[in-house]
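**Student:** got a predicted structure here, sequence first:
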Amino acid sequence: MTAVTTYWNRLSVPSRVLLVALPTLLVLGGLATLAVALLVAPLLDFLAANPDLVRFAIAATLVIVATIPTAFLIILLELKVIARMNLRVGPDRVGPFGLAMSVVHGLKVLAKEDYTPRGVDVPIFTIAPVAVFLATIMAFLVIPFAPGLVAQDFNIGLLYFFAIGGLNVVGLMMAGWASFNKYSLLGALRAAAQAISYEIPLTLSVVGVIILAGTMSLGSIVEQQAGSFLDWNVWKQPLGLIIFFIAGIAEANRTPLDMTEADQEIVAGFATEYSGMRFGFFFFAEYVNVFVISAMTAVLFFGGWNAPFDWPFPVDLALDPGSLGLGLLFVAGLAPVLGTVLLALPFWLGSSRISTLQALLIGFVLFNVLVVGAFLGWAFLSFDWVVGLFWMMAKSYLFVLVFVQMRATFPRVRVDQLMGFAWKWLLPASLLNIFATAIAVSILANR
Amino acid sequence: MSTPTRPSLDDPALSIPVEHAGIFDAIPLARTERQQEFYALRDGEMLLNMGPQHPSTHGVLRVILKINGEQVTDLDPVLGYLHRGVEKLCENADYHQVISQVDPLEYISSLFNEWGAVLSFEKLLDLEVPRRAEYIRVLSAELNRVASHMLYMGWFALDLGGITPILWSFAERDEIMEMLAALTGQKLLFNYFRIGGVNGDLNHEFMSRLGDWMSRAGAQLEAGMSLLNENEIFVRRARGLGVIDRETAFRMCVTGPNLRASGIPFDLRRAHPYSVYPELDFDVPTRSEGDSLARYLLRMDEVRQSIRIIDQCLHQMPDGPVSARLPRLLRPRPGRAFSAVEAPRGQYSTYVISDGTDQPFRMRIHDPSFLHLQLMGLLMPGNLLPDTMAIMASLDPVMGGVDK
């Protein structure tokens, strides 16, 4: 016993940890291996029997992961575009042209203290950001990004979208109520009033589209707008588009309808008492919401992933690598070296300030850019879903830019003006839109 | 007259309801009947503390709002967070030093603070100021007025939720501040006017910057204004907001642009002319509506007039000295003097009593911001919460001047 104690006392702290941890890990690892060996076969069988479930799990994971670059990109756009409109430069220090600024913002909120003030309702205070965030990204599930690239194409996709969008406000109410702060409470009540008022015109504005399409599946709605840009719903439903976009601004709590977080009046609304990543979740959700509304605008009224015109130069890139034989190996081995040197030459010759190594580095980077560009071009021409994704993203971010531009140019409307606008103008206009669309459709159908 | 006794918090009649304890922490101890009435809440009412750390209280104003839903029913301003005792400081400085003491009062337009003090001292001393100095004073002060009004435009829009106008107007203001810095050596608190003149003649950098700015000032102003004037949301929110009628304006001692926006053409530069304003050709713009939009538009009209005045100053600028010859230590004979200048916010008055020593016996500064802030109590109740800050911004108070 004494020998063991003496030996133990001589050990340094890391060694003691290792001495305990290694055998434990070995035992646990062995048990885990055994369990996997026993469980994997039935699990695989189960998954093979339910491919839909596998597909859904993968798609849902991808969707959650895809929200991160989306939010970062929109934050960056907002920083840079608003800066330009404000006669400022915007962030230009982190990364090339300040491109990494939103990443730094993300890390910053992660590193901040996650403070829970005295007097808050702790469980609700903690759950609220998650509720808001989840409600927002769950709307991602039904957005058709490209042919075949949709997490789940429900036959009631549009209905699901509005139902999930309505859940957002529950989280805001929870945050505002649990915060034990009068500004938060005012913000939450404003959010509730605003959401109830604007959900109605938002939902009614797309009834015209549903009448035209005869389905609520978003994939089918997009497919029915195939052809040139003249086949898009925007020409048939201009009023619906206007109502949908305005109500969408209110739904995403963006200027000029951002009553809930009007910082000149109620500091930060429901988010006043939040700090750190909980605050980050709210803003993550807000930016994702901006994208969701923009993407839905593109899907419902601007043809989704349909190109505005057919690609006029059909290219056949069906290349069989096997036909090249040993030449392929030669090209693959030689092309990077040759390309790097060739691209480095002008820099090496052109300026005496650039050393050989620097010139080669520039050549290497340029070569990689070229290869990636060529690869993307090839993918664009070869795969339907790449083209679809390109057009879908181009249209969505066009509307994101509109959102950003509105933030920079408009003052905020007053609460009563906001409500009056929803009930006196948007609601009658959306009813009129439904009425006119229904009459037009029935007349055209009977003829 | 006995001094009022200071009631203690232990007095049960004045004690604070326990459920509101948090908000009362910084409320002054002495409770008046009015305060007791204010803090007795009826059903559905709620107290909302706004400031001194709130995104849109200009400086360190603190207002306790009594709200019913979104509607403000009553308010209790708490002042004094920026009190520095400037008047007392002035009484302990000699006449030359007073100029730098009054500088930080209305720090947005500090040349007018200096002008008020300098003008009263010159009356006290019965002093003749060189004409070139007077023209330089008018020139620099009108530039400062333009800068102040540009900032007002941005602030007002910011309190209505628009983030771009303040940066556009700051670009203009910054250019003016840069040229005044070239003239005076400082960028915010200029300390430029002297008793009997100004400190230093016009220099090359100032003149070249001024010429550059004058060539595009009008166009820049119109571009900045088009952001707001053609914005439906802005106009709809500002129109009919916080209306001051003529009687109220008289009763509450409103002066300056806020008074002229209520339709009364009272401008000290014309009504009680000082300096070389009688020789200059400019209009006194007025508007009849008396609402926030009128106050904003009137200030923009004033900027146009100021540009006219600057143009005339540059053309009529005489040669000569820029300062009267005075001893280092001034001992005016015992007496009193009053001066009033038309500052960007209204009538800025200075009253000075001399006892024959080298320091003022009493210096009283009458600041327009303080009087305009009183209007809060009349204009805000009945309005919605978003409009309270907009009304305050439209009155354009500067807390440095209010708290002194």
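**Tutor:** Right, received. Where do you want to start?

**Student:** the closest residue in space to A:Ala252 that isn't next to it in sequence and A:Phe302, how far apart?
**Tutor:** Take A:Ala252 and drop its neighbours on the chain: the residue closest to it by C-beta to C-beta, 6 or more residues apart in numbering or on different chains is A:Asn289, 4.3 Å away. Quick note: C-beta positions are derived from backbone N, CA and C, even for glycine. As judged by C-beta to C-beta, to the nearest Å, A:Asn289 and A:Phe302 stand 19 Å apart.

**Student:** out of those two, which sits in the busier spot?
**Tutor:** A:Asn289 (25 against 22; other C-beta atoms under 10 Å in any protein chain shown).

**Student:** is the helix or strand bottoming out on mean pLDDT in chain B up against chain A anywhere?
**Tutor:** Ranking every helix and strand in chain B by mean pLDDT, DSSP states H and E puts helix B:33-39 at the bottom, with a mean of 76. No: in terms of C-beta under 8 Å from any C-beta of the partner chain, no part of helix B:33-39 sits within range of chain A; the closest distance is 15.4 Å.

**Student:** show me what that helix is packed against.
**Tutor:** Secondary-structure packing of helix B:33-39 (3 or more C-beta pairs under 8 Å, 6 or more residues apart in numbering or on different chains; DSSP states H and E): strand B:71-78.

**Student:** can you give me the buried ones in the strand it packs on?
**Tutor:** For strand B:71-78, a neighbour-count test (16 or more other C-beta atoms under 10 Å in any protein chain shown) marks B:Gln71, B:Val72, B:Thr73, B:Asp74, B:Leu75, B:Asp76, B:Pro77, B:Val78 as buried.

**Student:** which residues does it contact?
**Tutor:** B:26-28, B:35, B:38, B:45, B:61-67, B:373, B:376-377, B:380-385, B:388 (C-beta atoms under 8 Å, 6 or more residues apart in numbering or on different chains).

**Student:** give me the mean pLDDT for stretch B:62-71.
**Tutor:** Mean per-residue pLDDT for stretch B:62-71: 86.

**Student:** tell me the contacts of the residue in the stretch 51-200 of chain A that chain B sits nearest to?
**Tutor:** Here the stretch 51-200 of chain A gets closest to chain B at one residue, A:Asn86, 4.0 Å apart by C-beta to the nearest C-beta. Counting by C-beta under 8 Å, 6+ apart, A:Asn86 makes contact with A:Ala408, B:Ile163, B:Thr164, B:Leu167, B:Trp168.

**Student:** tell me how many other residues surround A:Leu202.
**Tutor:** 27.

**Student:** sorry, back to before: okay, the contacts of A:Asn86 in CSV with neighbour count, secondary structure and distance to B:Ile310 next?
**Tutor:** Formatted as CSV, these follow (neighbours: other C-beta atoms under 10 Å in any protein chain shown; DSSP: H, G, I helix; E, B strand; the rest coil; distance: C-beta to C-beta, whole Å):
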residue, neighbour count, secondary structure, distance to B:Ile310
A:Ala408, 18, helix, 31
B:Ile163, 21, coil, 30
B:Thr164, 22, helix, 26
B:Leu167, 17, helix, 24
B:Trp168, 22, helix, 20
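
**Student:** once you drop chain neighbours, what's closest to B:Glu342?
**Tutor:** B:Leu268 (3.9 Å).

**Student:** let me see the mean pLDDT of the helix or strand containing the residue nearest to A:Ala252.
**Tutor:** A:Asn289 belongs to helix A:276-301 when assigned by DSSP states H and E. Helix A:276-301 shows a mean pLDDT of 89.

**Student:** name the helices or strands packed onto the helix or strand just after that helix?
**Tutor:** Once the chain leaves helix A:276-301, the next helix or strand it forms, by DSSP H and E, is helix A:326-350. Applying 3+ C-beta pairs under 8 Å, 6+ apart, we find helix A:326-350 packed against helix A:356-382.

**Student:** next, the residue of the stretch 51-200 of chain B found nearest chain A: phi, psi?
**Tutor:** Going by C-beta to the nearest C-beta, chain A is nearest to B:Gly161 of the stretch 51-200 of chain B, at 2.8 Å. The phi and psi values for B:Gly161, taken as degrees, to the nearest 10, are phi 100, psi 0.

**Student:** likewise B:Met50?
**Tutor:** The phi/psi pair for B:Met50 (degrees, to the nearest 10) is phi -120, psi 110.

**Student:** that older thread, return the least confident helix or strand of chain B as PDB; C-alpha atoms alone will do.
**Tutor:** Provided in PDB are the C-alpha atoms of helix B:33-39 (Å, rounded to 0.1, in the frame of the first residue of the first chain):
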ATOM      1  CA  GLU B  33     -47.100  67.400  -3.800                       C
ATOM      2  CA  ARG B  34     -46.700  67.200  -7.500                       C
ATOM      3  CA  GLN B  35     -44.200  64.400  -7.300                       C
ATOM      4  CA  GLN B  36     -46.400  62.500  -4.800                       C
ATOM      5  CA  GLU B  37     -49.300  62.800  -7.300                       C
ATOM      6  CA  PHE B  38     -47.100  61.700 -10.100                       C
ATOM      7  CA  TYR B  39     -45.800  58.600  -8.400                       C
END
